[in-house]
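In: Sequence plus the predicted model coming up.
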Amino acid sequence: MKLQMTLNGKPVSCDVDSCARLIDLLRDDLDAKSVKEGCGEGECGACTVLLDGEPVNACLVLAAQVDGSRVTTVEGLSRDGELHPVQRAFAETGAVQCGFCTPGFIMATVALLDRTPRPNDREIRDALAGHLCRCTGYRKIMDAVRRAAELTASPSAGAPGQ
Amino acid sequence: MNYVRPSTTADLLSALQEDGAAILCGGTDILIRMRRGLLSPRTLVDVSRLEDLRGIEAVDGEIHIGAAVNENTILRSPLVAERLPLLADVLKRLAAVEIRSRGSLGGNLVNASPAADSAIPLLLYEARLHLVGATGERWVPVREFFVGPGKTVLAKGEFVRAIAVPDPPAGARAFFHKIGRRRALIISIASLGVLMRLAGESVDLVRIAAGSVAPTPLRLDEAERVLLGERLDDGRIREAARAAARSVSPIDDVRATAGYRRQVVADLLERFLRQARNDET
């Protein structure tokens, strides 16, 4: 079936199988490889994207359901070759090890800061509760989100290394 | 498999007449079951954008929540936050924000999981479900909606349009706790909710509901009868806890044993009742 959507600010039309999930459409047809398939059951958060501004697991949305919607992935975050403040924060704080879970964490953080620009630790933990990192742990990821909130609030104050 | 997205209730009703038609809303449950091969509908009928199943509004002392409204939208509703705080509290702990962006209250109820946390506040608030089918519509109290694990009173071709939740009785206090392996996003081992009001020292109103301890979420009538109109002394509290443990029928499964679940129900009830009594004095 035919569908139209806006992916990372650009209108796209595609022909999808009615069984295809949003993650299949994004990775296989639209080359948005930042979207990772971990569990395929909404437990790990690695495939998180924004659907009309809301974070969703792309493995639990049928592609056909996004007809007419806006989808944002990590590919759509940087502007003019500059990393998005959330991407910068993850890089600066070393919140990345193997990197598989990182796109999901980044999209969840973008969604969090969009509604809650100055989140407390409880709000950060709630926003990340649907994400698993199997390399190391969550301390640096918490640091990254706090840093992202600072950078978003005043990008100019964000000299690398804090 | 086919996918259709009806744009009117009439189109939805006719789509549901087809053999092998299944309703798709947020997809957070049905898509997993389809992938696991547990379900293979011939047609998925997407109701997630159907206007008639959306919206949250106050109607004559009730809040009407469209069955397809997603859980984040319910959580952000000032009406729900102000008038149905227990529902908001439970939905917040139900799942990750990514699941709540998609999952609907109607979908959670229709799945009829014995562990459906959202059923507990609705049982306590004595909510009703608005069911619409080809031959007409009806209102069903939530306590009559569940028949067994995964089974409801929904007839073939019938769907849940909305959930009507009456304002809680004035002055009543609500308690809810779920026991799981960890705090976040976990299927309950057992959950218990209590809505109660004391007049002086005696129990003026009491409703008790439990999840994951029987084939369906349920009200614990016997424990309620033990308490209603009585003073909350230690003996009465223990008797109510024993009645609660008697009226559940839990099973052993991968998450916990039946005996543990029974004990948890009794202990949680005892804890809430003591808390209610102590807060009063």
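Out: Received it, and whenever you're ready, just let me know what you need. Since we're looking at a predicted model, the values are computed, not measured.

In: now the strand or helix carrying residue B:175, how far from the chain's geometric center?
Out: Assigned by DSSP states H and E, residue B:175 falls within strand B:173-179. Put simply, strand B:173-179 sits 13 Å off its chain's centre (Cα atoms, centre = their mean, to the nearest Å).

In: what lines up beside that strand in the sheet?
Out: Counting by DSSP bridges, the strands paired with strand B:173-179 are strand B:190-199 (antiparallel).

In: tell me which residues of the partner strand are tucked away?
Out: For strand B:190-199, burial by neighbour count (16 or more other Cβ atoms under 10 Å in any protein chain shown) applies to B:190, B:191, B:192, B:193, B:194, B:195, B:196, B:197, B:198. The way it works is simple: take the backbone N, C-alpha and C, and place the C-beta from them, glycine included.

In: Just the closest of these to chain A, please.
Out: Checking the buried residues of strand B:190-199 against chain A with Cβ to the nearest Cβ, the nearest one is residue B:191 at 18.0 Å.

In: Excluding chain neighbours, give the residue nearest to the residue of chain B found nearest chain A in space.
Out: Using Cβ to the nearest Cβ, residue B:96 is the residue of chain B that sits closest to chain A, at 2.4 Å. Nearest residue to residue B:96, sequence neighbours excluded (Cβ to Cβ, 6 or more residues apart in numbering or on different chains): residue A:130, at 2.4 Å.

In: Chain A contacts on chain B?
Out: B:1-3, B:5, B:24, B:26-28, B:31-32, B:35, B:44, B:46, B:48, B:72, B:92, B:95-99, B:101-102, B:184-185 (Cβ under 8 Å from any Cβ of the partner chain).

In: In strands only, show me these.
Out: Here DSSP state E is the test, and the residues of chain B next to chain A give B:2, B:3, B:24, B:44, B:46 as lying in strands.

In: pLDDT score assigned to the closest residue to the fourth one other than its chain neighbours?
Out: In other words, residue B:44. Leaving out its chain neighbours, the residue that sits closest to residue B:44 by Cβ to Cβ, 6+ apart is residue B:24, at 4.2 Å. Model confidence at residue B:24, given as pLDDT, is 97.

In: can you pull the contacts of residue B:24?
Out: Contacts for residue B:24 (Cβ atoms under 8 Å, 6 or more residues apart in numbering or on different chains) come out as A:62, A:65, B:3, B:30, B:31, B:44, B:45, B:46, B:47, B:48.

In: Domain map for the chain?
Out: In the absence of a named chain, chain A is used. Domains of chain A are assigned by automatic domain parsing as A:2-76, A:85-154.

In: Please refer instead to chain B.
Out: Using automatic domain parsing, chain B is parsed into the domains B:51-166, B:173-280.

In: how near is the residue nearest the centre of chain A to residue B:100?
Out: When Cα atoms, centre = their mean is applied to chain A, the residue found nearest the centroid is residue A:107 (2.0 Å). Between residue A:107 and residue B:100 the distance is 15 Å, computed by Cβ to Cβ, to the nearest Å.

In: same thing with residue B:151?
Out: Here residue B:151 is placed at a distance of 25 Å from residue B:100 (Cβ to Cβ).

In: who has more neighbours, those two?
Out: residue B:100 (24 against 11; other Cβ atoms under 10 Å in any protein chain shown).

In: Helices of chain A, start to end?
Out: A:22-24, A:85-92, A:102-115, A:121-128, A:139-153 (DSSP state H).

In: out of those, nearest to residue B:160?
Out: Of all the helices of chain A, it is helix A:22-24 that lies closest to residue B:160, at 25.1 Å by Cβ to Cβ.

In: can you pull the pLDDT of residue 101?
Out: Chain wasn't specified; assuming chain A. According to the model, residue A:101 scores 97 on pLDDT.

In: Actually, chain B is the one I wanted.
Out: 97.

In: For the chain, give me the ranges with low pLDDT.
Out: As the question left the chain open, I've gone with chain A. A:155-162 (pLDDT under 70).

In: Let me rephrase: I mean chain B.
Out: B:182-186, B:281.

In: okay, which residue is most central for it?
Out: By Cα atoms, centre = their mean, the most central residue of chain B is residue B:119, 1.0 Å off.

In: Show the contacting residues for the nearest residue to that residue once chain neighbours are set aside.
Out: Spatial nearest neighbour of residue B:119, excluding adjacent residues (Cβ to Cβ, 6+ apart): residue B:217 at 3.7 Å. Residues in contact with residue B:217 (Cβ under 8 Å, 6+ apart) are B:114, B:115, B:116, B:119, B:120, B:123, B:146, B:209, B:210, B:211.

In: wouldn't the fourth one be in contact with residue B:212 here?
Out: No: counting by Cβ atoms under 8 Å, residue B:212 is not a contact partner of residue B:119; they are 10.4 Å apart.
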